[in-house]
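K.L.:
Curious how this folds, go ahead:
(one chain, ligands or ions: 1)
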Amino acid sequence: MRFSGKTAIVTGGGSGIGRAAAIRFAQEGAAVAVADVDSLGGEETVSIIENAGGKAIFVKTDVADSNQIKELISTTTNTFGSLNIMFNNAGIGNSEVRSTDLSEDEWDKVVDINLKGVFLGIKYAVPELIKAGGGAIVNTASLLGLKGQKYMSAYNASKGGVVILTKNAALEYGKKNIRVNAIAPGVIDTKIIENWRQSEWKWPIISKANALGRIGSPEEVANAVLFLASDEASFITGATLSVDGGGLTF
Ligand SMILES: NC(=O)c1ccc[n+]([C@@H]2O[C@H](COP(=O)([O-])OP(=O)(O)OC[C@H]3O[C@@H](n4cnc5c(N)ncnc54)[C@H](O)[C@@H]3O)[C@@H](O)[C@H]2O)c1
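P.N.:
Numbers count the residues shown, from 1 in each chain. Below is the predicted model of the structure:
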């Protein structure tokens, strides 16, 4: 088991990619702190892990709130003894409108959760990772952090920010034995794409817009997250790994 004796935090662990990663980390021996604003989803992830014989706790957390992130980290280390892996994954989409029609409030909310949330996760996890002798951070960016898309300005900007923040943190903490990488998922079968799925004209296009001609599963993304968090990726840092079925090349 690749993560025996390790502790991982997964934000946005109550659903989709976060849930799949939390389950995979636990299957590989990690104790997992599942963080989410959605208590029902978070508790359900913990039950799935526990029913399979794994170790997990739920900590209700809004990643945009520094006090709640501090609480998440201290609850995790108090419960499991240390922190080795931080998966900054929680995120939301934005209303698909032109930038001129996007409200400042919505801009702030998207950037606060998707970008500031990752910054706070890095800021407060790093001291604990250093105490543990090093560790790995994985951040969830997006295909839409690597390319533009009409009517997605706040999301595009927040995810582009995650890509460059990942490089910055990799530079700042590499010599402390902390690797920092990002994943850039394409269209993945989770709640966040529900609006696209409901659109009769958009879905047939979006769901095939990559080299493989299909959408991805949360588990396929989780496998990439586990690789980046594992010792198999020991010389990889500052990278953004596309997990998009070739969506960026399309
Ligand atoms: N599904 C895709 O197609 C896709 C593509 C690229 C990137 N992503 C990114 O993957 C990440 C996970 O999304 P998903 O696809 O699993 O969607 P999802 O909606 O299934 O899961 C997102 C989770 O984040 C939680 N969350 C939202 N705001 C939060 C906050 N402020 N604090 C803590 N938790 C919060 C939600 O409650 C939910 O459980 C997001 O960052 C998303 O932007 C998804």
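K.L.:
okay, CA-based contacts and neighbour counts for the rest of this
P.N.:
Noted.
K.L.:
residues in contact with the residue nearest in space to the middle of the chain?
P.N.:
Geometric centre of the chain, nearest residue: N89, 1.8 Å, by CA atoms, centre = their mean. Applying CA atoms under 8 Å, 6 or more residues apart in numbering, we find N89 in contact with 10-13, 17-18, 118, 138-140.
K.L.:
Nearest residue to I188 in space, please, no chain neighbours.
P.N.:
G216 (4.5 Å; CA to CA, 6 or more residues apart in numbering).
K.L.:
What pLDDT does the model give the one you found?
P.N.:
pLDDT, G216: 98.
K.L.:
okay, now it: neighbour count?
P.N.:
19 (other CA atoms under 10 Å).
K.L.:
Let me see the backbone angles for it.
P.N.:
phi -100, psi 170 (degrees, to the nearest 10).
K.L.:
you'd agree it is up against I193?
P.N.:
No: with contacts counted by CA atoms under 8 Å, G216 stays clear of I193, the gap being 11.7 Å.
K.L.:
Residues that sit against both of those two, list them.
P.N.:
Contacts common to G216 and I193, judged by CA under 8 Å, 6+ apart, are V187.
K.L.:
Strands of the protein, start to end?
P.N.:
7-11, 31-36, 55-60, 85-88, 135-140, 178-185, 240-243 (DSSP state E).
K.L.:
Could you name the helices and strands sitting against the helix ranked longest in the chain?
P.N.:
Looking across the chain with DSSP state H, the single longest helix is helix 153-173. Counting contacts by 3 or more CA pairs under 8 Å, 6 or more residues apart in numbering; DSSP states H and E, helix 153-173 packs against helix 104-111, helix 117-131, strand 135-140, strand 178-185.
K.L.:
Now tabulate those in JSON lines and tack on mean pLDDT.
P.N.:
Shown next, in JSON lines, are the helices and strands packed on helix 153-173 (pLDDT from 0 to 100):
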{"stretch": "helix 104-111", "mean pLDDT": "98"}
{"stretch": "helix 117-131", "mean pLDDT": "99"}
{"stretch": "strand 135-140", "mean pLDDT": "99"}
{"stretch": "strand 178-185", "mean pLDDT": "99"}
